[in-house]
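sharing a model prediction with you, sequence too.
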Amino acid sequence: MPRIRAVTSSFRHQFLQFVAEPQWLIPNVILPFMITMVALIMFSGQQGNFVLYAVLGGGMMSMWGNTLYSSGWSIGSDRFNGTLEQILVTPSKLVWIIAGRSVWNALVGILNGVLIFVIAVSVYDADLTIRDPMLFFIAFFVTLLSLSMLGMLFCSAFVLTRQASVLTNGLEYPIYVGTGTMFPIAILPWWTNPLSLSLGPTWGIDAIRYAALDNYDGFSTGYWGDVGIMLALSFFYLAVAFVLFGVVEKKVRVDGSFVRY
Amino acid sequence: MSNYVSLSVRVFWSSAVLAKRALFSWLNPALWMMQLFFMSIFQIAFFVYVVKFAGGSTEADIAYVAIGNAISSVAYTAIFSVCNITGEEKQQGTLVEVLVTPANRFAMFVGRAMFQVFNGIATVFIALFYAWAVFGVDFSNTNWPALIAVIFIMTMAMVCLGLLLSSVGLYLRTSMIIANIFLFVGLLFSGVNFPVSKLPEVIQPFAYVFPLTYGTDAARAAVDGSSILQIGDLLMDMVISGGLALIVGFMIFKWFENLSRKKGTMDKF
Amino acid sequence: MQSSETVIDVKDLVRVYRSSTGFIKRVKKETLAVDNISFSVKCGELFGMLGPNGAGKTTTIKMMTTLLTPTSGHITVLGHDVVTDPMEVRKHIGLVLGGEKGLYYRVTARQNLRYFADLYGVPMNIREERINELLRKVDLSDRADERVEDFSRGMKQRLHLAKGLINDPEVIFLDEPTIGLDPQAARDARSMIKTLIEEGKTMLLTTHYMFEADELCDRIAVVNKGKVVALDSPKGLKSLLKDMSIIEVEGFGITAAEIDSIKKLDGVKTVTASMNEDKQVLRVQVCDSSELLTPVANRLGNSKVIGVRVKEPTLEDAYLWLVESDA
């Protein structure tokens, strides 16, 4: 059926919904903002460009928060409004609808990241010179891509629960810890590293730091290695999301609990 | 008179039970358990690693952050869940039904948050357990009666703050936004991760509006061995700030009720 | 317009809901919502489903519209199996659910329709034209660019109808389309349904309003406790009561005890009590009205009776008789 149209129209629809209630940006930005401010105070007096380090981490967190919330609400709001049945009964597959929404949500993520950046600059009057802007933007966009794919993956899991909003709240800190947004994952217990490395944004923040900070000593894969792995992971997420949506769509028709709120 | 009291008690009790049930249908028990056992440990972990990375490697540095975050985990229930009770009611349209009953308003107002007091106390104790078991905080000098008093009073005071916010939330279309904001302000303003004295001086007085600011200080003192008498001032401050929040919150609640009756817009905000 | 071609075919349909409650001890519960239903709907027909709440009507509609999988049995719509070929079915059907939900409130009526037009793959070159036409049809043209949240219930319901028609479906499922509408709005909705039938659409309708079913439907399935207890034309259903008539009593102060005593009379089938303005109205279904008129009146000795009439059974009487004799 009309795949591309389902994607583009869902993108536009999500945009319209966002414009109608832009205040929903606040929850996604508030925790990263608070944490960034806390980190700036805790890092003060350290050697090196810790301000930029904290701001990059904060931007990353706000994009993460956005991914979590929006993928949690992607379906949750439809379930709540009673529109879920209405979109399910159309011949467009759910996976394309969600894909379109995820792309818009990723763009909102940029807004979030920039917001943290701007606040930090204006409040802290900090030196936020990026070492290599070109590489920085490449890393930034690949990170966004991997976040939106991960968002789709989450979404397929969130479809099955009414408690997505609790899960999104519950997953916020674990992900901030696990992907090393404010510290290198090397200081985490070793057994958590496989989990960290399976998340694209872990590589994303490392690549972003390579591009932004002078003398950054990150993963041995280096900048391009990070970007490559992140891309590979993104496609992997997409593939898994695809399979999961198929399973989920079947399951919900069988158990009938899908549309109850 | 005694009839009036017993009726109020009944309203209080049924509001408490109802709020608990409402919470349960919204959060299924498994997810409630997750909130209870899962959220605090990652918050503590996050800031412990931040402080380690920032060069704070002494036991005292880690203990400071671990206890601060363990105490601040009360916000999940006291702020977030309490706000959510009204938010959910507004969304489901049951707010009108509740407000047309002749029940004692104050009992109803406070009763619905009751379950969250217990929930909050449990959350903090579990978080402190993690501080000890996972992050190696030394509790051997702890004055337990003092610590228990701190947690009990602080949770009550924070629930009062939550009620105040939920009253404010009545006026907003999306009350969850305010819940989200206040869920996290404590991290920055309440001496959770660093002393209030590190904040810009103009902001410092605001920090002392929140019961949590006294709670983190008092809890650390109790863990260091201070007795109830020694931290009496801090406990008193919490009682006052919580009490004020409760009074203001109830006034706003009543005001909203009158306003919405006049305008007939109870669910539209 | 009517042809004998079968559009919807439902065979031996069963649906069981499994749910679990409880925290420490999960208690599994099975509910039989639809219990071996079979019927078929012909092209151009308006087929009604009547039944009390929880009878299984909505569950059946959800299965026919691919939202739920049957536990067992088969459904084909326009020759496509709803389980194995749901996408093909979805292209050709429209679903209108009653009530206020099911629309995006934060965006306008036109944006709602546009989104669904895209999801249905309505060709781009006719999309705007069709949206305008539908908005005209449901009388929302001048409010098309306002947010749905500001709409009245009737307007939302009309928008629902427009949305259900966005893909120009051959088969339309209407689940209680007039629920909660004021009489004028409900009448408008009914006339729209009639127009659609004249255009050759096939429709399946559930409703609680008997006169609505009587007025609109070609055939009606009366559903109770997940089973079809009767399937006939409205006329045919009424003729089930052809040996019966209705004694209608209007009065004041009729007590429950009096109603009970009437129920116990030989030859009385069912008694229903309702209010008409300030009067009480009893409808007593009886086999022989001439024989029972006096006994019924006698049982009401202590209340003030202002009128007794003998009436022909209506669809509602037939429905009540069917549902109650099934109890």
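Right, received. Where do you want to start? Numbering: from 1, shown residues only, chains lettered A, B, ... in the order given.

from here on, just use CA atoms for contacts and neighbour counts.
Fine.

in chain A, where is pLDDT below threshold?
A:1-2, A:126, A:160-166, A:257-261 (pLDDT under 70).

ranges for the helices of the stretch 151-261 of chain A?
A:164-178, A:193-197, A:200-212, A:222-255 (DSSP state H, counting those that start in this stretch).

nearest to chain C, of the ones you listed?
helix A:222-255 (4.3 Å; Cα to the nearest Cα).

which strands or helices does that closest one pack on?
helix A:94-124, helix A:133-158, helix A:200-212 (3 or more Cα pairs under 8 Å, 6 or more residues apart in numbering or on different chains; DSSP states H and E).

pick the most buried one from these.
Between those, helix A:200-212 has the highest mean count of neighbours, a mean of 27, where neighbours are mean count of other Cα atoms under 10 Å in any protein chain shown.

angle of it against helix A:222-255?
Orientation of helix A:200-212 against helix A:222-255 (axes from the mean of the first three to the mean of the last three Cα atoms, to 10 degrees) gives an angle of 160 degrees.

contacts for helix A:200-212, please.
Residues outside helix A:200-212 that contact it (Cα atoms under 8 Å, 6 or more residues apart in numbering or on different chains) are A:53, A:56-57, A:60, A:129-133, A:135-136, A:139-140, A:142-143, A:146-147, A:178-181, A:196-197, A:216-219, A:222-224, A:226-227, A:229-231, A:233-234.

could you give the angle of that helix to helix A:133-158?
170 degrees.

what's the neighbour count on A:Met3?
For residue A:3 the amino acid is Arg, not Met. 18 (other Cα atoms under 10 Å in any protein chain shown).

swap in C:Val308?
When neighbours are counted by other Cα under 10 Å, C:Val308 comes out with 17.

equivalent analysis for the one 4 residues further on, please.
Burial measure for C:Glu312: 13 neighbouring residues, criterion other Cα under 10 Å.

residues contacting it?
C:Ser245, C:Ile246.

now B:Asp138
Neighbours of B:Asp138 in contact, by Cα under 8 Å, 6+ apart: B:Ala63, B:Trp132.

how about the secondary structure of it?
State at B:Asp138, reduced to three classes by DSSP: H, G, I helix; E, B strand; the rest coil: coil.

gap between it and A:Glu85?
Between B:Asp138 and A:Glu85 the distance is 54 Å, computed by Cα to Cα, to the nearest Å.

spell out which residues of the stretch 1-150 of chain A are next to chain C.
Contacts of the stretch 1-150 of chain A with chain C, taken as Cα under 8 Å from any Cα of the partner chain, map to A:1-2, A:5-6, A:9-10, A:13, A:16-17, A:20-21, A:81-92.

quick one: low-confidence ranges for the stretch 1-150 of chain B?
In the stretch 1-150 of chain B (pLDDT under 70), the answer is B:1-31, B:87-100, B:103.

list the buried residues in stretch B:53-73.
B:53-54, B:56, B:61-73 (16 or more other Cα atoms under 10 Å in any protein chain shown).

sorry, back to before: can you redo the helices of the stretch 151-261 of chain A as JSON lines with distance to B:Met238?
JSON lines is the format used below for the helices of the stretch 151-261 of chain A (distance: least, Cα to Cα, whole Å):
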{"stretch": "helix A:164-178", "distance to B:Met238": "27"}
{"stretch": "helix A:193-197", "distance to B:Met238": "40"}
{"stretch": "helix A:200-212", "distance to B:Met238": "41"}
{"stretch": "helix A:222-255", "distance to B:Met238": "48"}
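
who wins for proximity to B:Ile121 among these?
helix A:164-178 (18.7 Å; Cα to Cα).

give the buried residues for the closest one.
A:164-178.

how far off centre is that helix?
Relative to the chain's own centre, helix A:164-178 is displaced by 11 Å; criterion: Cα atoms, centre = their mean, to the nearest Å.

okay, the angle between it and helix A:133-158?
140 degrees.

the helix or strand encompassing A:Ser62 near chain B at all?
Assigned by DSSP states H and E, A:Ser62 falls within helix A:50-81. No. If you take Cα under 8 Å from any Cα as the test, helix A:50-81 misses chain B, and the best it gets is 9.1 Å.

continuing past that helix, what's the next helix or strand?
helix A:84-88.

now the end-to-end length of stretch A:86-105.
Stretch A:86-105 end-to-end distance (Cα to Cα) = 22 Å.

domains of chain C?
C:6-21+C:29-238, C:239-325 (automatic domain parsing).

please state the offset of the last one from the chain centre?
Put plainly, it is domain C:239-325. 26 Å.

do the longest one as well
Distance of domain C:6-21+C:29-238 from the chain centroid (Cα atoms, centre = their mean) equals 10 Å.

torsion angles phi and psi at C:Phe173?
phi -110, psi 120 (degrees, to the nearest 10).

which residue, other than its chain neighbours, is closest to B:Gly191?
B:Thr213 (5.8 Å; Cα to Cα, 6 or more residues apart in numbering or on different chains).

so the one you found sits in a strand?
No. Counting by three-state DSSP, B:Thr213 falls outside a strand, being helix.

list the contacts for C:Arg283?
C:Ile246, C:Ile247, C:Glu248, C:Val249, C:Val271, C:Thr272, C:Ala273.

just those now: which is nearest B:Ala219?
C:Ala273 (67.4 Å).

run a quick neighbour tally on the closest one.
16.

burial of A:Gly65, as a residue count?
By the criterion of other Cα under 10 Å, A:Gly65 has 28 neighbours.

distance of the closest residue to it other than its chain neighbours from A:Ser70?
Counting by Cα to Cα, 6+ apart, the nearest residue to A:Gly65 once its immediate chain neighbours are dropped is A:Asn28, at 5.2 Å. Using Cα to Cα, one gets 9 Å for the distance from A:Asn28 to A:Ser70.

more neighbours, those two?
Ranked by neighbour count (other Cα under 10 Å), A:Asn28 and A:Ser70 place A:Ser70 first, with 29 against 25.

so who does the more buried one touch?
A:Ser102, A:Asn105, A:Gly151.

so what's the nearest residue to the first one once chain neighbours are set aside up against?
Read that as A:Ser102. In space, A:Ser102 comes closest to A:Ser148 once its chain neighbours are excluded; the distance is 5.5 Å by Cα to Cα, 6+ apart. For A:Ser148, the contacting residues are A:Thr67, A:Ser102, A:Val103, A:Asn105, A:Ala106, by Cα under 8 Å, 6+ apart.

packing partners for the longest helix belonging to chain B?
The residue-count maximum for a helix in chain B (DSSP state H) belongs to helix B:232-263. Secondary-structure packing of helix B:232-263 (3+ Cα pairs under 8 Å, 6+ apart): helix B:105-111, helix B:144-169, helix B:211-223.

quick one, the longest one and helix B:232-263 angle?
With the same axes, to 10 degrees applied, the angle from helix B:144-169 to helix B:232-263 works out at 20 degrees.

and what of the last one?
Between the axis of helix B:211-223 and that of helix B:232-263 there is an angle of 160 degrees, by the same axes, to 10 degrees.

so which elements touch helix B:211-223?
So helix B:211-223, by 3+ Cα pairs under 8 Å, 6+ apart, packs with helix B:59-72, helix B:144-169, helix B:175-189, helix B:232-263.

contacts for that helix?
Residues contacting helix B:211-223 (Cα under 8 Å, 6+ apart): B:64, B:67-68, B:71-72, B:139, B:141-144, B:146-147, B:150-151, B:154, B:157-158, B:186, B:189-192, B:207-208, B:228, B:231, B:234-235, B:237-238, B:241-242.

just the buried ones among those residues, please.
Using 16+ other Cα under 10 Å, the buried members of the contacts of helix B:211-223 are B:64, B:67-68, B:71-72, B:139, B:142-144, B:146-147, B:150-151, B:154, B:157-158, B:186, B:189-192, B:207-208, B:228, B:231, B:234-235, B:237-238, B:241-242.
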